[in-house]
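Asker: this one's structure only:
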């Protein structure tokens, strides 16, 4: 008995689809549907305080109009905290750079005293050697030549000492710069992370205020100034002036040509005017076509419901018959 029941249901479904294919008012790959308006509620994503409400029920609004101004004390505190941390980190970065420069200056000053002393000794010794050289030219003796050799060795030793002092100074400064660079790099990374967090919070703050996404009429207002609202609480309800959804009815193989996410063209059925681009967003059940789409009142046609999203800025009216390709 159960098997006969399923066979009967199957035959009925095949019959409905056959009748729909015969009486369905579409051609080729085109299908028909109805453009519908869908009321939408404006909600907040965070707990917030209502600063002002700029609309009232029955008021017509245009896309982009500021509807509700909101603020979040928690968000403001987080933004202030992060801004302060960034300022402190940047100040620390500047101070570290100043400290490094001061340490380098100290190293140069400290070594500068010893280098100056060595330079003075070198100058004195070179002067003495020049005098001896002049005397040697006048009175050449073996003792004079022998006396100049230790002075030359001493002069060379002083110059080597100076070079070593300069090399040691360069090494100290290089080590200091590397250490400072590592510290500053860590701080810069911390600042970048904090600035990224701050940018996210500022974006959230910018999203607190609610604007009309499409032209429409305000149906209901649920909040008033000074009221604290919870996250995802509805603020108001808007009925779009023009349809934002098309319900198409597909029959047979047509259903396979309208996959979810597919881009389609929607136009008025009578003159194929008001052409807009749409996108398939989902499927419904197989159901009887609305009366406006029926070709015959005696035999009812059925089709697979397909939901298509269209831009709110269009010239369709609610309940208008449209053609989808």
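Answerer: Sure, I can see it. Everything numeric here is computed off the predicted structure, so don't read it as measured data.
Asker: a strand runs through residue 50, doesn't it?
Answerer: Yes: according to DSSP: H, G, I helix; E, B strand; the rest coil, residue 50 belongs to a strand.
Asker: distance of residue 68 from residue 206?
Answerer: Here the distance between residue 68 and residue 206 works out to 14 Å (Cβ to Cβ, to the nearest Å). Backbone N, C-alpha and C define where each C-beta goes, glycine included.
Asker: Residue 238 too?
Answerer: Separation of residue 238 from residue 206 (Cβ to Cβ): 21 Å.
Asker: With neighbour numbers in mind, choose between the two.
Answerer: Taking neighbours as other Cβ atoms under 10 Å, residue 238 and residue 206 compare with residue 238 leading, 23 against 8.
Asker: For that one, report the pLDDT, please.
Answerer: pLDDT for residue 238: 92.
Asker: need the contact list for it.
Answerer: Residue 238 is in contact with 39, 40, 42, 61, 212, 216, 217, 218, 219, counting by Cβ atoms under 8 Å, 6 or more residues apart in numbering.
Asker: Any chance of a PyMOL selection covering the buried ones in those residues?
Answerer: The buried residues among those can be selected in PyMOL (16 or more other Cβ atoms under 10 Å) with this line:
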select buried, resi 40+42+61+212+216+217+218
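Asker: Tell me the one of the contacts of residue 238 nearest residue 86?
Answerer: Distance to residue 86 across the contacts of residue 238 (Cβ to Cβ) is lowest for residue 42, with 33.0 Å.
Asker: Could you verify my assumption that the closest one touches residue 207?
Answerer: No: taking contacts as Cβ atoms under 8 Å, residue 42 lies outside contact range of residue 207: 12.0 Å.
Asker: How much space separates the residue positioned nearest the centre of the chain from residue 210?
Answerer: Averaging the C-alpha coordinates of the chain gives a centre point, and the residue nearest to it by Cα atoms, centre = their mean is residue 200 (7.8 Å). The spacing between residue 200 and residue 210, counted by Cβ to Cβ, is 19 Å.
Asker: repeat for residue 288
Answerer: Relative to residue 210, residue 288 is positioned 39 Å away (Cβ to Cβ).
Asker: Pick out whichever of these two has more residues nearby.
Answerer: Legend: neighbour count by other Cβ under 10 Å for residue 288 and residue 210, higher for residue 210 (19 against 14).
Asker: Before we move on, what's the pLDDT of the more buried one?
Answerer: 94.
Asker: Next: residue 139.
Answerer: As summarised for this prediction, residue 139 has a pLDDT of 54.
Asker: Over to residue 154?
Answerer: If you check residue 154, the pLDDT there is 74.
Asker: Over to residue 280?
Answerer: On pLDDT, residue 280 comes in at 92.
Asker: Neighbours of it, how many?
Answerer: If you count neighbours by other Cβ under 10 Å, residue 280 ends up with 19.
Asker: Against residue 307, how distant is it?
Answerer: 7 Å.
Asker: now do residue 43
Answerer: Counting by Cβ to Cβ, the gap from residue 43 to residue 307 is 21 Å.
Asker: Return the set of buried residues in the longest strand anywhere in the chain.
Answerer: Counting by DSSP state E, the longest strand found in the chain is strand 276-288. Using 16+ other Cβ under 10 Å as the test for burial, strand 276-288 gives 276, 278, 280, 286.
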